[in-house]
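J.: Need coordinates for the following:
(one chain, ligands or ions: 1)
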Amino acid sequence: MDMDSRTTSSQSGPSMEEASTKRKVTHTLTSGYSDHVRVPNVIVMVGLPARGKTYISKKLCRYLNWAGIKTRVFNVGEYRRKEETACDAIHGANAYFFSADNEEALRVREESARRAMEDLCEYLDTSKGTVAILDATNTTKKRRKMVINFCQEKGFRCFFIESLCDDPNIINANVTDVKVNSPDYKGVMSAEQAKDDFMKRIENYAKQYEPLDMDKECHLSFIKVINAGRSFYVNRVNGHAQSRVIYYLMNIHLLPRVIYFTRHGESGYNRMARMGGDSPLTSDGDAYAEALELFFKEERVQDLRVWCSQKIRAVQTAKGLKGVAAHVEYWKALDELDAGICEGLTYEDIENRYPKQTEDRRRDKYHYRFPAGESYEDVVARLEPVMMELERQVYLSLSLSLHISSNLLQGNVLVVSHQAVLRCILAYFTDRALDELPYIDVPLHTLIKLVPRAYSCHLIFYTYDATRGIWSAREGTLNLCQSPQPSTPTNTP
Ligand code: F6P
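T.: Just a heads-up that it's a prediction; the model follows:
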């Protein structure tokens, strides 16, 4: 008798297989998103230009999607650029367009906001998403009132994120690094002229700016993020999505850092193509562990912290790093996805013993939970504290020069973990869809260096060839792979 039918007949309640199927009914199978927190929320950005509103919107959107809360950004600037009625062909590159006394332009700007809100409404109404982020300045009470009325009418919760910043270094860096490259200026004027014009645009907005009023607008739900997260003011948090947003915003920062990721070296089970288990490294795996130690000795990474899973193969991989790193920590949360009754089996064994499980997993790999084990969705949930710590970490030396309290900060981090876990972490940083996540290619004996950029990440892959004892490097993106590999070769004529 195969194990699938044995578990079904020997239990009085639902079988493990039935339980796993029942659970999936609550999810949208195609999109990869869970729907257990579906109260539509509109997050409304507030603040002068160059205060990091778009940065926060994009980053928050990436995080919420990763956490299973389907989210989309509606950037009013993008709608403005598409307005056919724009009174001036190059309106974005003309600071006067944003002046309070330019009535014609004001109509165009209001129309852009209206269209963005129309689309946002369609997005939330048709259950495509749970959170919509309205990325605009929303600097006047009148505009905010319009948004509030709209949300009330539609039954959406409204939450404001106001970014206040008077640090000229942060503003200057944002204008120089991001704004002069905006589509408003590209090919229209030089970087110098663009910077000049953008500063005038900020002045025009500043004349009309009414920050969220802690007395007169105290009935609203909002967070004020002051000087890129140096301090916060939080008012009337309402519901799960809003509290998650606040938790997230209080952990992110704008400072530069590098994060390294690697799977453990090759293990005995890898060699036998068996899943999971807790086998030690093979000789090739040992060679990779030694090469890794040498790599970090030569790299001289400052304040290196190694975060390692508690599985033997990962602990052995990180062993030599104790002499190089400032600190090595062992996180249970970084252990490999638990394959439950399939632990220690090959994919072929699983296909033979549990054909239905194989079929279910193939159909929806992200939500599929191994009987007595985990799903990718479960792993994402248990990784949340790891992600928050990764977001918080920053160079210790940098924190000292910026007078940031060092007890809040970590050093540079190397994560030594496993294929499924690293897929989950890397999907967050590189903004990959949840249905792609279980297929991200994270090969053995490859060290991935990740440098977060304003709106994306830069990746370098260092691959170690154990037979030749050399590393090779390539820059690029994460590939997708067929995983598991098909066990029988296809019969091509
Ligand atoms: O094969 C190595 C491994 O890390 C297993 O321990 C784990 O179960 C598997 O990869 C996860 O990959 P997939 O989700 O593609 O089966």
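
J.: Give me the phi and psi for whichever residue of the stretch 51-200 of the chain sits closest to the ligand.
T.: Per CB to the nearest ligand atom, residue 66 is where the stretch 51-200 of the chain lies closest to the ligand, at 17.3 Å. (C-beta placed from N, C-alpha, C; glycine too.) For residue 66, the backbone dihedrals (degrees, to the nearest 10) come out as phi -60, psi -40.

J.: what's the answer for the one 4 residues further on, then?
T.: The phi/psi pair for residue 70 (degrees, to the nearest 10) reads phi -70, psi 120.

J.: thinking it is in contact with residue 129, fair?
T.: Yes. Counting by CB atoms under 8 Å, residue 70 does reach residue 129; the two are 4.3 Å apart.

J.: now check stretch 275-286, is it near the ligand?
T.: Yes. Residues of stretch 275-286 contacting the ligand under CB under 6 Å from any ligand atom: 275-276.

J.: And the spatially most central residue of the chain, how close does it get to residue 59?
T.: The centre of the chain sits closest to residue 428, judged by CA atoms, centre = their mean, with a distance of 3.3 Å. Applying CB to CB, to the nearest Å, the value for residue 428 to residue 59 is 10 Å.

J.: And the strands in the stretch 201-350 of the chain?
T.: Assigned by DSSP state E, counting those that start in this stretch, the stretch 201-350 of the chain shows strands spanning 222-226, 231-235, 259-263, 305-309, 327-331.

J.: which of the residues in the biggest helix by length in the chain are buried?
T.: In the chain, taking DSSP state H as the definition, the longest helix is helix 103-125. Buried residues in helix 103-125, counted by 16 or more other CB atoms under 10 Å: 105, 108-109, 111-113, 115-117, 120-121, 123-124.

J.: Between which two of those is the distance greatest?
T.: 105 and 124 (28.8 Å; CB to CB).

J.: Spell out which parts of the chain neighbour the ligand.
T.: By the rule CB under 6 Å from any ligand atom, the part of the chain lying against the ligand is 270, 275-276, 336-337, 339, 418-420, 438, 483-484.

J.: continuing past the longest helix of the chain, what's the next helix or strand?
T.: Using DSSP states H and E, the next helix or strand after helix 103-125 towards the C-terminus is strand 131-135.

J.: what angle do that following strand and helix 103-125 make?
T.: 170 degrees (axes from the mean of the first three to the mean of the last three CA atoms, to 10 degrees).

J.: Touching, residue 263 and residue 425? I think so.
T.: No. Using CB under 8 Å, residue 263 is not in contact with residue 425; the gap is 11.6 Å.

J.: which residues do the two both contact?
T.: Common contacts of residue 263 and residue 425 (CB atoms under 8 Å, 6 or more residues apart in numbering): residue 417.

J.: can you pull out the helices in the stretch 1-150 of the chain?
T.: 3-9, 16-24, 53-66, 76-82, 103-125, 141-154 (DSSP state H, counting those that start in this stretch).

J.: These into a markdown table, with extra columns for distance to residue 469 and mean pLDDT?
T.: Output for the helices of the stretch 1-150 of the chain, formatted as a markdown table (distance: least, CB to CB, whole Å; pLDDT from 0 to 100):
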| stretch | distance to residue 469 | mean pLDDT |
| --- | --- | --- |
| helix 3-9 | 43 | 32 |
| helix 16-24 | 44 | 37 |
| helix 53-66 | 37 | 96 |
| helix 76-82 | 50 | 90 |
| helix 103-125 | 53 | 93 |
| helix 141-154 | 61 | 95 |
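
J.: Let me have those helices in a markdown table, extended by distance to residue 412.
T.: Formatted as a markdown table, those follow (distance: least, CB to CB, whole Å):
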| stretch | distance to residue 412 |
| --- | --- |
| helix 3-9 | 45 |
| helix 16-24 | 39 |
| helix 53-66 | 20 |
| helix 76-82 | 35 |
| helix 103-125 | 38 |
| helix 141-154 | 41 |
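
J.: List just the one of those that sits closest to residue 453.
T.: Here helix 53-66 is closest among those (CB to CB), at 10.5 Å.
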